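Student: Okay, sequence plus prediction incoming.
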Amino acid sequence: MRAATYGFWTQNSCLKPETSHYSSAKFHSAHQQVRMQTIRQKIIDLLSLQEMDARQLSKQIGIREKEAVEHLCHISRSLAVKGKKLTIHPAECLLCGYVFENRQRFTRPGRCPRCKKSHLQSPGFYIINLV
Ligand SMILES: [Zn+2]
């Protein structure tokens, strides 16, 4: 299965500038910490059962897509110690079939580098057990 080779997200996938504001005071209260933990556990549960993209996750849980992506970043780093791995199914161009194999991100690409169109399938995520 092709997607299985895109598993390790511990290095550079959380460096996107558009999510940096989440690390500030916004989530500092105990209430917010609990809420975040709950959301992350829901995401982990969902992705352990099926592959979903960030938009599907955000709808299912009731958060914004951007927020879902931020949680995915944290989850990818925390899962390793639990013997699990967040795996990505790379985004694909629906028109020419281009696969975004080297894209180290959780967000959707803007457009296809080959045909320059933006009919793209979002990257999908799922969680596998390593043990
Ligand atoms: Zn294309």
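Tutor: Great, that's in hand.

Student: And for Arg64, the neighbour number?
Tutor: 11 (other CB atoms under 10 Å). Quick note: C-beta positions are derived from backbone N, CA and C, even for glycine.

Student: Verify the stated contact: it with Ser58.
Tutor: Yes: when contacts are counted by CB atoms under 8 Å, Arg64 is listed as touching Ser58 (5.9 Å).

Student: which ones are touching Leu72?
Tutor: By CB atoms under 8 Å, 6 or more residues apart in numbering, the contact list for Leu72 reads 43, 54, 57, 86, 106, 125.

Student: any idea which helix is longest in the chain?
Tutor: Using DSSP state H to define each element, the chain has its longest helix at helix 30-49.

Student: Give me the residues contacting that one.
Tutor: 26-27, 52, 57, 60-61, 63, 67-68, 71-72, 74-75, 78-79, 84, 86, 125-127.

Student: which of those residues are buried?
Tutor: Among those, those that count as buried by neighbour count (16 or more other CB atoms under 10 Å) are 52, 57, 61, 63, 67-68, 71-72, 75, 79, 84, 86, 125-127.

Student: mind listing which of the contacts of Leu72 are in helices?
Tutor: Using DSSP H, the contacts of Leu72 in helices are 43, 54, 57.

Student: circling back to that earlier point, among the contacts of helix 30-49, which lie within helices?
Tutor: Those of the contacts of helix 30-49 lying in helices (DSSP H): 57, 60-61, 67-68, 71-72, 74-75, 78.

Student: can I get those in a markdown table with pLDDT and distance to Tyr98?
Tutor: Formatted as a markdown table, the ones in helices among the contacts of helix 30-49 follow (pLDDT from 0 to 100; distance: CB to CB, whole Å):
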| residue | pLDDT | distance to Tyr98 |
| --- | --- | --- |
| Leu57 | 96 | 24 |
| Gln60 | 96 | 28 |
| Ile61 | 96 | 30 |
| Glu67 | 95 | 28 |
| Ala68 | 96 | 24 |
| His71 | 95 | 28 |
| Leu72 | 95 | 23 |
| His74 | 92 | 29 |
| Ile75 | 94 | 27 |
| Ser78 | 91 | 32 |
